[in-house]
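Engineer: structure for this input, please:
(one chain, ligands or ions: 1)
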Amino acid sequence: MYDFMLTPEARELKKEVRNFVREEISSDFLRKMDKNEITYPREFVEKLAAKGLFGVRFPKKYGGREMSWVAEMAAIEEIGCLGIALGCAHAMPSIVGEALNTFGTEEQKEKYLKPYLQGKLVAAEALTEPRGGSDFFGAMTKADLHGDHFILNGEKRFVVGAEGADFFIVYCRTNFDANAHKYSRLSLLLVERSEGVSTDYLYGLMGCRGGGTGRLVFRDVKVPKENLIGELHGGALCFNRMMIPERLTSAGGCLGVWGSLDLAVRYSNRRRAFGKEIRKYQGVSFKVADAITRLDAARAITYMAARAVDENYTNMRRLVSEAKSFSTKAAWDVVNLAMQIMGGIGYTEVYPIERSLRDTRLSMIWTGTTEIMNLMIQHEYYNEILNESYDRRKMEDDAMSPDESERCFTDDDMMRIHDEGKAGGD
Ligand SMILES: Cc1cc2nc3c(=O)[nH]c(=O)nc-3n(C[C@H](O)[C@H](O)[C@H](O)COP(=O)(O)OP(=O)(O)OC[C@H]3O[C@@H](n4cnc5c(N)ncnc54)[C@H](O)[C@@H]3O)c2cc1C
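Structural biologist: Numbers count the residues shown, from 1 in each chain. Here you go, the predicted structure:
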């Protein structure tokens, strides 16, 4: 989706962010992050907040701009070229802010959302545990309610901002009834960096450096009851909602690989082999064609999914998962094509394509792996097709020998497929 498909306001925002990315963030800052000389990009967060570029979807009274999800994607596409760690620092207010804005109390919004969007506080989200990230509802971090406070114990890992954040939103088990459904076991707590909260370990990462990714440990942390976000044992609902910005921002951030592709295009216009510019060889220029086509397809699906969320479209969850899965893979392909176009020099630190490649690899793993996206996508689609309200023409009826198809699938078979489709996404 190009600018002509955006509203004038979204177009303006995109331009604003484009200028910010070009003029306000030095190359030296990016280099320092990649060298781990910066543990958390607080300076970047403060600069973004000062320009009002955080949480643009949220109400103005908390510092947002009341813009659409599509507008947010337009901003993220520009930010994305700065790399995945800064993309994440920009996206985190959208993710954490979604939980606060949708489920938080007025006090929580005033105390945490507003200063976050002003750049005075920084947050991180703590979902993943050492025992696994994909099996989210099996979380073992626990919080016992004692009168007016919870006592939180447990461990989370791979938390971006474990080093650097002032508060964390933490999913933890609060319902210890052995028969409780997995969707009513967890609660979402807002935990300030306080006594008992420690950043135990900072990971050495392949990419995404400088974002403070670490392991968080909670030992007998006293969390006031008013820091519960949403209902007690209502964490599943918050998670369900938070996964929209979580996955959409991953999809949108990946579109930032336009930076690598543009670099490779300029390079191929200069670099000569066998007496002419390499772009004159179809082996090179067709790679450019392939890459930009994939990137445009990723743009299309990401903006479409964002538009679906704006419209509260019934099948938006499938589209969001598709956008996350498709765009992250497309971005990986685009960076690989860019590296191939550049030849040996693309593999060196003389150009930042190698950094982009290291960064992009993460996008297929975090915020739900590609496999987990596929689990969601198939589950939703089976439900849509096998739903009783399905009202499109059924092609089975057009068969030359419809009686034969009846013999292939009995009603029992159809019921079984339907049930398996349901079970698969749980
Ligand atoms: C740099 C970095 C930053 C991160 N930032 C954060 C953060 O800020 N906050 C946070 O909470 N988490 C964060 N994560 C965690 C990330 O979201 C998880 O790593 C991811 O969800 C996968 O969980 P896992 O690593 O435990 O892998 P596992 O869940 O152990 O999965 C291992 C493999 O098994 C596959 N698999 C698992 N279950 C199924 C299934 N049912 N069907 C098919 N395949 C399956 C997975 O797809 C994967 O390939 C971050 C991770 C990294 C590396």
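Engineer: contact residues of this structure facing the ligand?
Structural biologist: Taking Cβ under 6 Å from any ligand atom as the contact definition, the chain meets the ligand at 124-128, 132-134, 158-160, 205, 208, 213, 362, 365-369, 371-372, 375. Bear in mind the C-beta positions are built from the backbone N, C-alpha and C, glycine included.
Engineer: what about these, which are in helices?
Structural biologist: 362, 371, 372, 375 (DSSP state H).
Engineer: nearest to the ligand among those?
Structural biologist: Using Cβ to the nearest ligand atom, residue 371 comes nearest to the ligand of these, at 3.4 Å.
Engineer: return the residues in contact with the closest one.
Structural biologist: residue 134 (Cβ atoms under 8 Å, 6 or more residues apart in numbering).
Engineer: the stretch 1-150 of the chain: strands as residue ranges?
Structural biologist: 123-126, 142-146, 149-159 (DSSP state E, counting those that start in this stretch).
Engineer: still on that earlier bit, show the buried residues in the ones in helices among the residues of the chain next to the ligand.
Structural biologist: 362, 372, 375 (16 or more other Cβ atoms under 10 Å).
Engineer: and the next element down the chain from the host helix or strand of residue 215?
Structural biologist: Under the criterion of DSSP states H and E, residue 215 resides in strand 214-224. Using DSSP H and E, the helix or strand that follows strand 214-224 in sequence is strand 228-229.
Engineer: what helices or strands is that following strand leaning on?
Structural biologist: helix 84-103, strand 186-192 (3 or more Cβ pairs under 8 Å, 6 or more residues apart in numbering; DSSP states H and E).
Engineer: would you list the ones you listed in JSON lines and tack on mean pLDDT, distance to residue 29 and mean neighbour count?
Structural biologist: Converted to JSON lines, these look like this (pLDDT from 0 to 100; distance: least, Cβ to Cβ, whole Å; neighbours: other Cβ atoms under 10 Å):
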{"stretch": "helix 84-103", "mean pLDDT": "98", "distance to residue 29": "9", "mean neighbour count": "25"}
{"stretch": "strand 186-192", "mean pLDDT": "98", "distance to residue 29": "28", "mean neighbour count": "24"}
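Engineer: for residue 272, find the nearest of these.
Structural biologist: When those are compared by Cβ to Cβ, helix 84-103 sits nearest residue 272, at 33.2 Å.
Engineer: what's the burial count for the residue in the stretch 101-250 of the chain positioned nearest to the ligand?
Structural biologist: Closest contact between the stretch 101-250 of the chain and the ligand, by Cβ to the nearest ligand atom, is at residue 133 (2.4 Å). Number of residues near residue 133 (other Cβ atoms under 10 Å) recorded here: 19.
Engineer: check contacts around residue 63.
Structural biologist: Shown in contact with residue 63 (Cβ under 8 Å, 6+ apart): 49, 52, 54, 55, 113, 114, 117, 118.
Engineer: need the contact list for the closest residue to residue 268 other than its chain neighbours.
Structural biologist: In space, and not counting its chain neighbours, residue 268 is closest to residue 279: 4.2 Å by Cβ to Cβ, 6 or more residues apart in numbering. Counting by Cβ under 8 Å, 6+ apart, residue 279 touches 265, 268, 269, 285, 288.
Engineer: mind running it again at 10 Å?
Structural biologist: For residue 279, the contact set (Cβ atoms under 10 Å, 6 or more residues apart in numbering) comprises 264-272, 285, 287-288, 341.
Engineer: and the residues you listed, which of them are in helices?
Structural biologist: Short answer: those in helices (DSSP H) are 264, 265, 266, 267, 268, 269, 270, 285, 287, 288, 341.
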